[in-house]
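Visitor: next input, structure requested:
(one chain, ligands or ions: 2)
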Amino acid sequence: MSTNTNAAAQSPTARERARARNVARVVSLAAATMVLGLGFALTALTGSLPLWVQYLPLLASVLLLGLPHGAVDHLVLPRARNEPITVRALAGVGALYLVAGTIYAAIWLLAPVAAFSLFILLTLFHWGQGDVYALVELVGVDYLETPARRTLALLVRGGAPMVVPLIAFPGQYAFVAGTVVGLFDPGVAAGLESLIRTQVRLLVGAAFGAVVVAALGVGYLRSGGSRSWMFDAGETVGLVAFFALVPPVLAIGLYFCFWHSVRHILRTMLVDDGTVSALAEPAVGRACLRFARDATPLTVGGIVVCVGIALLVPQTPATVPEIGGLYLVALAILTLPHVVVVSLLDRSQGLWPPSPSHD
Ligand SMILES: CC1=C(/C=C/C(C)=C/C=C/C(C)=C/C=O)C(C)(C)CCC1
Ligand SMILES: [Fe+2]
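Guide: Residues are numbered from 1 along each chain as shown. Ligands and ions are numbered 1, 2, ... in the order given. Predicted structure coming up:
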């Protein structure tokens, strides 16, 4: 069997594609502005919200944009490559999820601290690669044409959510790490204190600061301070300030739903002819319905994985932070194969290695 949903619709024209991309640009900018605005406003107005309230955006991501953003992984590669969606292609992605997910679940059970550290590095890479796509394809930056510069941009954009809270909110960082690792090994949580030792934080902070300065500096020299550079620099400063000031559980929840997931969903929409035509009209509602149709079955699958992991962990979660921790473990397990799919998508779309057409 082979179903090509792209073939069913008429192929969009170059003008429609350009219009769809413009709509995607506006939507991603609006969502990013909302993330920063909401985070700063909530923090300024309320000081610090009760912890269970801070968990709400993260927990809402089960249905709201978060899990769904990865639930079209089985469709994106054939669509991006203009190939039919065959049973073979679907089975390949299914097998990838099964094998990578099972191996990673075993690592969580056997070595939870290593599994958590891998999760932080994986998220840094993945959220960074998502933003490199947005910078190149949506913003249209003119200074990321080499692998080295793209790597710097990836480290800046992925480092902001993973590194800045470690420096600004070490206690909460260690608390979240402790609730996650504690689901597997209650005794080990104290060992995570080393994570927040001042020297470690200063070293990591200094390295991240150097990367930000290098990335923005090289971009400035290459672009001569172009509009797209100013946009990139503005987003970077905004993100660093956001993760330095907004309590991290709230900040990560808002960022995951409305920054990373929105951008990736737009990316998946731009490889599907049906949603491209809808966006170009612009019938954003229709594009969203089409995406929701595609993402529903495997969002349900993702929820089943969450339930499976709840049954697997030695400690039954009882509090909101423990439920949040459990959800993070499920996200970690789903993220490993998701990163493989997105990295293949990066290759297909000429983002990695940078193709000359993106210069
Ligand atoms: C919640 C939280 C943390 C970790 C969040 C992570 C690692 C989320 C990853 C989500 C992914 C990978 C989603 C899929 O794209 C930190 C940084 C420890 C700081 C304290 C709050
Ligand atoms: Fe993702």
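
Visitor: nearest spatial neighbour of Pro354, chain-adjacent residues omitted?
Guide: Glu145 (5.6 Å; Cβ to Cβ, 6 or more residues apart in numbering). For every residue, glycine as well, the C-beta is placed using N, CA and C.

Visitor: and the pLDDT at that neighbour?
Guide: pLDDT, Glu145: 92.

Visitor: could you do Ala190 as well?
Guide: On the pLDDT scale, Ala190 gets 66.

Visitor: what's the helix or strand for the nearest residue to Arg157 once chain neighbours are set aside?
Guide: Distance criterion Cβ to Cβ, 6+ apart; nearest residue to Arg157, sequence neighbours excluded, is Asp131 at 3.5 Å. Using DSSP states H and E, Asp131 falls within helix 112-133.

Visitor: next secondary structure element downstream of that helix?
Guide: For helix 112-133, the following helix or strand on the C-terminal side (DSSP H and E) is helix 147-168.

Visitor: that following helix near ligand 1 at all?
Guide: Yes. Helix 147-168 comes into contact with ligand 1 (Cβ under 6 Å from any ligand atom), by way of Met162, Pro165.

Visitor: and that helix, what's buried?
Guide: Neighbour counts over helix 147-168 (16 or more other Cβ atoms under 10 Å) mark 149-168 as buried.

Visitor: stretch 333-350 too?
Guide: For stretch 333-350, by 16+ other Cβ under 10 Å, it's 333-339, 341-342, 344-346, 348-349.

Visitor: Thr316: neighbour count?
Guide: Neighbour count of Thr316, defined by other Cβ atoms under 10 Å: 10.

Visitor: and this protein, which residues reach ligand 1?
Guide: Listed as neighbours of ligand 1 in the chain under the rule Cβ under 6 Å from any ligand atom: 119-120, 123, 126, 162, 165, 172-173, 176-177, 248-249, 252, 256, 260, 328, 331, 335.

Visitor: 5 Å instead, please
Guide: By the rule Cβ under 5 Å from any ligand atom, the part of the chain lying against ligand 1 is Thr123, Pro165, Tyr173, Val176, Pro248, Val249, Ile252, Leu331, Thr335.

Visitor: wouldn't the residue nearest to Arg157 be in contact with Leu155 here?
Guide: No. Contact criterion Cβ atoms under 8 Å: Asp131 and Leu155 do not qualify, at 10.6 Å.

Visitor: three-state assignment of Phe231?
Guide: Secondary structure state of Phe231, per DSSP: H, G, I helix; E, B strand; the rest coil, is helix.

Visitor: that one reaches Val139, doesn't it?
Guide: Yes. Counting by Cβ under 8 Å, Phe231 does reach Val139; the two are 5.7 Å apart.

Visitor: between these two, which is the more surrounded one?
Guide: Each of Phe231 and Val139 has its neighbours counted (other Cβ under 10 Å); Val139 has more, 19 against 15.

Visitor: any regions of the stretch 251-359 of the chain where pLDDT drops low?
Guide: 357-359 (pLDDT under 70).

Visitor: ok, Val62 touching Ile303?
Guide: Yes. Counting by Cβ under 8 Å, Ile303 is a contact partner of Val62 at 6.5 Å.

Visitor: neighbour count winner among these two?
Guide: In this view Val62 and Ile303 are compared by other Cβ under 10 Å, and Val62 has more residues nearby, 17 against 14.

Visitor: so who does the more buried one touch?
Guide: Gly302, Ile303, Cys306, Tyr327 (Cβ atoms under 8 Å, 6 or more residues apart in numbering).

Visitor: element containing it?
Guide: Short version: Val62 belongs to no helix or strand, going by DSSP H and E.

Visitor: how near is it to Phe256?
Guide: Distance, Val62 to Phe256, using Cβ to Cβ, to the nearest Å: 11 Å.

Visitor: same question, Val136
Guide: Val136 is 22 Å from Phe256, by Cβ to Cβ.

Visitor: report the secondary structure state of the closest residue to Gly101 other than its chain neighbours.
Guide: Ranked by Cβ to Cβ, 6+ apart and with sequence neighbours excluded, the top spatial neighbour of Gly101 is Ile333, at 4.9 Å. Per three-state DSSP, the local secondary structure of Ile333 is helix.

Visitor: cool, Arg19 as well?
Guide: Secondary structure assignment for Arg19 (three-state DSSP): helix.

Visitor: pLDDT score for it?
Guide: For Arg19, pLDDT reads 95.

Visitor: please apply the same query to the one 5 residues further on.
Guide: In this prediction, Ala24 carries a pLDDT score of 96.

Visitor: which residue ranges of this structure form strands?
Guide: Secondary structure of the chain (DSSP state E): strands at 2-3, 85-86.

Visitor: by mean pLDDT, show me the worst of these.
Guide: strand 2-3 (a mean of 44).

Visitor: on that earlier part again, now, which of the buried residues of stretch 333-350 sits nearest ligand 1?
Guide: Thr335 (4.2 Å; Cβ to the nearest ligand atom).

Visitor: who's in contact with that closest one?
Guide: Residues in contact with Thr335 (Cβ under 8 Å, 6+ apart) are Gly70, Phe119, Leu122, Thr123, His126.

Visitor: how about the contacts made by the second one?
Guide: Meaning Phe119. Phe119 neighbours (Cβ under 8 Å, 6+ apart): Leu328, Ala332, Thr335.

Visitor: switch to 10 Å and redo it
Guide: 104, 107-108, 162, 177, 180, 328-329, 331-333, 335-336 (Cβ atoms under 10 Å, 6 or more residues apart in numbering).
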